[in-house]
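*Asks:* Build me a structure from this.
(chains A, B, C and D)
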Protein chains: 2
Amino acid sequence: MGLSRERIVGAAIELLDTDGERGLTFRALAARLKTGAGAIYWHVTNKDELLIAATEAILTGAARPRAGTPEDTLRAIALGVFDAVDEHPWVGTQLTRMQAQPALLRLSESIGRQVQLLGVPSAAGFDAATALLNYVLGVAGQNAALAGSIEPGTIRGEVLGTMAAEWEALDPEEFPYLRSVAPQLRDHDDRDQFLAGVDLVLAGMATLRGVPADPPRRARPDVPSGHGPSQ
Amino acid sequence: MGLSRERIVGAAIELLDTDGERGLTFRALAARLKTGAGAIYWHVTNKDELLIAATEAILTGAARPRAGTPEDTLRAIALGVFDAVDEHPWVGTQLTRMQAQPALLRLSESIGRQVQLLGVPSAAGFDAATALLNYVLGVAGQNAALAGSIEPGTIRGEVLGTMAAEWEALDPEEFPYLRSVAPQLRDHDDRDQFLAGVDLVLAGMATLRGVPADPPRRARPDVPSGHGPSQ
DNA sequence: ACATCTCTGGAACGCCGTTCCATCCTGGGG
DNA sequence: CCCCAGGATGGAACGGCGTTCCAGAGATGT
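*Replies:* This is a model prediction of the structure:
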């Protein structure tokens, strides 16, 4: 059983998923592949390239345009990234840390094209597409940071409960708002909230075309949905 | 001249600004402060705490609410973060990597409060405030990633020119959109584009209140402006 | 059979964050 | 005035990291 780039990337993904970003080490990788660290460098030039390849493997196809209105396609694209990051938090870190990543280019292309189809004037269209991209990347980064700060195996609701408790314990003088929304934080749904943000940006785009914006919907759209188009 | 937490944080900021995130090392810090690495640990418990303290030092006051309409205040808050990250790119990395950061809490509070003042209904208000925060953080992270990938000293326009050339050299089949907007990328203004994104989100929020949204403005608002409230 | 070339894996290098500890300095009690 | 406890210092050392180096194993073509 020889080494190969695919085997290496696969093992790297397993390591990243189970042990987090700090778990990916050339030594750990070599141990898992029953080889030496040096051998890996024959197939992969360095750790950054390995991380990019792993991100690529997860995100391939997550940004594929589908039939439907541009709005629905944009929601589907954004959800694809969200679900991939949800399942593999390290992808969020990667997306927000390295530019010149093929996956990022494809994502920009998909979003930009749909925004064009939306009928946003060209000049504002670039800004609008960039804004949506940055929102998606922001959520991805925050989710990754959150996942990285908790030990793997923690229940999601538990984390939110802890955080909500912290918000409620803040100084009432300085943080009245955060205290007031702590209950909403406790039982919100990350995915729904993400979608609400996408709809918010889409509603903003609608005003750019002079269209009387119907208020963005809160319910999740009829999109492939069911968490996780990735891998 | 004894050590002190302030002297250490100050030297850390200098190191981060001049040599980037990889330039902050306890050894380099010790050399600059003419002491040993061990002495630093008497005043600072570890590197994460040092990074948080440095971020705090830069961002203090950048999220301070001002008089004016909630929209203008939100623009001012967002610009404060943008300018701080523009001047100290490592702040962007920090903001998107570590949760439980005091600066992040303050930013959330400031944004959330203004969104409440905007009259967005409470349920949607939390989502809307989170969306704006995530957009700001997304831009911050991208700016940091971009700054980290280029050697310090490079001219900004030069970087954009190089990136635009890369976009123009992409496969016409796969990336028609990116190729078409490459000229806009070349001579856009990051700050203006950031503001356009903020306005886009604000326009979306306006639809949540059922207000007939006037199209978001493109020109920069009358905000302290002049790059950099930070430090 | 041999020479060649791909591929392997373990040792070694330099750097990192962090810990340990001998030592220095200073100020308050005898 | 001495002394000494404890805060503060700084250099050495530890374990781990990414990466490089290189001796050699295995296949391949002649």
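*Asks:* Show the contacting residues for whatever residue of chain A ends up closest to chain B.
*Replies:* Scanning chain A for proximity to chain B using C-beta to the nearest C-beta identifies A:Gly138 as nearest, at 2.9 Å. Heads up, the C-betas are built off the backbone N, CA and C, glycines and all. Shown in contact with A:Gly138 (C-beta atoms under 8 Å, 6 or more residues apart in numbering or on different chains): A:Thr96, B:Thr96, B:Leu133, B:Asn134, B:Tyr135, B:Val136, B:Leu137, B:Gly138, B:Val139, B:Gly141.
*Asks:* I figured the last one hits B:Val91, correct?
*Replies:* Just to be clear, that refers to B:Gly141. No. If you go by C-beta atoms under 8 Å, B:Gly141 and B:Val91 don't touch, sitting 10.5 Å apart.
*Asks:* the helices in chain A, which residues?
*Replies:* Per DSSP state H, chain A carries helices over the ranges A:5-19, A:26-32, A:37-40, A:47-59, A:70-87, A:89-97, A:102-117, A:122-149, A:156-168, A:176-186, A:190-208.
*Asks:* Would you mark the buried spots in the first one?
*Replies:* The one in question is helix A:5-19. A:Ile8, A:Val9, A:Ala11, A:Ala12, A:Ile13, A:Leu15, A:Leu16, A:Asp17 (16 or more other C-beta atoms under 10 Å in any protein chain shown).
*Asks:* May I ask which two of the contacts of A:Gly138 are separated the most?
*Replies:* Spatial extent of those (C-beta to C-beta) is set by the pair A:Thr96 and B:Leu133 at 14.5 Å.
*Asks:* How many residues are close by the residue of chain A found nearest DNA strand D?
*Replies:* Nearest residue of chain A to DNA strand D: A:Gly38, at 2.8 Å (C-beta to the nearest atom of the strand). If you count neighbours by other C-beta atoms under 10 Å in any protein chain shown, A:Gly38 ends up with 9.
*Asks:* same thing with A:Ile150?
*Replies:* Residues near A:Ile150, counting by other C-beta under 10 Å: 17.
*Asks:* Find the nearest non-adjacent residue to A:Leu16, please.
*Replies:* Closest residue to A:Leu16 apart from its sequence neighbours, by C-beta to C-beta, 6 or more residues apart in numbering or on different chains: A:Trp90 at 4.6 Å.
*Asks:* Is that neighbour in contact with A:Asn143, as I believe?
*Replies:* No. If you go by C-beta under 8 Å, A:Trp90 and A:Asn143 don't touch, sitting 10.7 Å apart.
*Asks:* Those two: which is more packed in?
*Replies:* Legend: neighbour count by other C-beta under 10 Å for A:Trp90 and A:Asn143, higher for A:Trp90 (25 against 20).
*Asks:* got the contact list for that one?
*Replies:* Counted by C-beta under 8 Å, 6+ apart, A:Trp90 has contacts A:Leu16, A:Asp17, A:Gly20, A:Glu21, A:Leu24, A:Ala54, A:Ala144, A:Gly148.
*Asks:* Swap in 7 Å and give it another go.
*Replies:* A:Leu16, A:Gly20, A:Glu21, A:Ala144 (C-beta atoms under 7 Å, 6 or more residues apart in numbering or on different chains).
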